[in-house]
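> Okay, here's the prediction I keep looking at, along with the sequence it came from:
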Amino acid sequence: MNKLLYSFWSLMFMASMVLSTSCGTQEEEDVTPAAPSISISGVTDHAAATANVGQVVSFSVNVIAPGGFNVIRVDKTVGTGSTVDYAEQSKNPGQTVTSFTYAFTFTPNAAEAGQAVTFDFVVVDDNGKQSEHTFVVTVNEPPINSYQTVLLGGQNNSSVPSFYNARDNASYLMAAAKNNKDKVDFLYYFGATNLATVAAPTNADAQTVYGATNLTGMNNATDFVRTTAVFADITKASDIANAWLEKKSGSVATQVKDLKANDVFAFQLADARGYRIGVAQVVSVEGNYASTAQKITLNIKIQSTDN
């Protein structure tokens, strides 16, 4: 009889332990809703795309948040560079929404050409749970425009054009330059002190040489800088952009002076001209301050798309 009672009470004790453990597990379970989910629509590939400079990439980021949508944050990384904040959008205060659509748009620029641009989408719900999705845009390298043997005459040379339109590779004598004021990006003169010089039409020395009245309305303030870039090695748009950063000496100015054969300089066009960047190599310089045969020959490579 004692053995039967012992077995009975042992079974009851074990049953109570199981019941107690079971109740404790239920109480400790996470009863908050599941983390948000993210889906992409509007593009064929939900993880990657290829785009040209200036081409808009857009799609919808669709969020389902059982715990209530709170915020979506978008981070951007260009190549191996630093990650920066790109966008952020929160819910309206006081509202609880379980679905949300974010309209994403991105337009690559010339500085991003040839690189992978990574976007990380992070969605957080009202409970602090989050989900992430990564989308990579590979930016194609645009072609560059390459112009050989660009000939410009100095202020004393009335037969060789002195004014240059870098976007269209067109040169103008004075009369034609006045009729194309908004297209003149730079000019050439041979100064008594500055010697062989390429300058923006807004440059004070250039206006002294050609006469400020003659250059009225030529407002493109092109910038110049000497560069350490090797002209022959420049084959793509990003090479041109890098050449602008590879300053040889001095600061950016509206003219580059005392030019000699084999010198290399970079230039950036004005805002109205798309901030395009180019690189020029001096082939030869002829004539002197008093000569009527003043001229400079350049080889030029310039971006084909605006920045």
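Structure received. Numbers count the residues shown, from 1 in each chain.

> going forward, measure contacts and count neighbours with C-alpha atoms only.
Noted.

> which residues of the chain score low on pLDDT?
1-30 (pLDDT under 70).

> for it, what spans make up the helices?
Listed in chain order, the helices of the chain (DSSP state H) span 2-28, 174-179, 204-210, 237-245.

> List the buried residues for the shortest one?
Of the residues in helix 174-179, those with enough neighbours to count as buried (16 or more other C-alpha atoms under 10 Å) are 174, 177-178.

> before we move on, what about the last one?
When neighbours are counted by 16+ other C-alpha under 10 Å, the buried residues of helix 237-245 are found to be 237-244.

> got the contact list for it?
Applying C-alpha atoms under 8 Å, 6 or more residues apart in numbering, the external contacts of helix 237-245 come out as 110-114, 141-144, 225, 227-229, 234, 266-268, 277-279, 301-304.

> ok, 10 Å please
Residues from elsewhere that reach helix 237-245 (C-alpha atoms under 10 Å, 6 or more residues apart in numbering): 110-115, 141-145, 224-231, 233-234, 246, 252, 264-268, 276-279, 301-305, 307.

> Now which of those would you call buried?
Buried by 16+ other C-alpha under 10 Å: 110-115, 141-142, 144-145, 224-229, 231, 234, 246, 252, 264-268, 276-279, 301-305, 307, out of those.

> out of these, which are inside strands?
Within these, residues falling in strands by DSSP state E are 144-145, 224-226, 264-268, 277-279, 301-303.

> For the buried residues of helix 237-245, give me JSON lines that also has distance to Ser37.
JSON lines is the format used below for the buried residues of helix 237-245 (distance: C-alpha to C-alpha, whole Å):
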{"residue": "Ala237", "distance to Ser37": "39"}
{"residue": "Ser238", "distance to Ser37": "37"}
{"residue": "Asp239", "distance to Ser37": "41"}
{"residue": "Ile240", "distance to Ser37": "42"}
{"residue": "Ala241", "distance to Ser37": "40"}
{"residue": "Asn242", "distance to Ser37": "41"}
{"residue": "Ala243", "distance to Ser37": "44"}
{"residue": "Trp244", "distance to Ser37": "44"}
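
> Can you tell me the number of residues neighbouring Pro93?
Here the number of neighbours of Pro93 (other C-alpha atoms under 10 Å) works out to 7.

> Next: Thr32.
Counted with other C-alpha under 10 Å, the neighbours of Thr32 add up to 10.

> Strands of the stretch 51-200 of the chain, residue ranges please.
57-64, 69-78, 83-90, 99-106, 116-125, 130-139, 144-153, 163-165, 170-172, 186-191, 195-199 (DSSP state E, counting those that start in this stretch).
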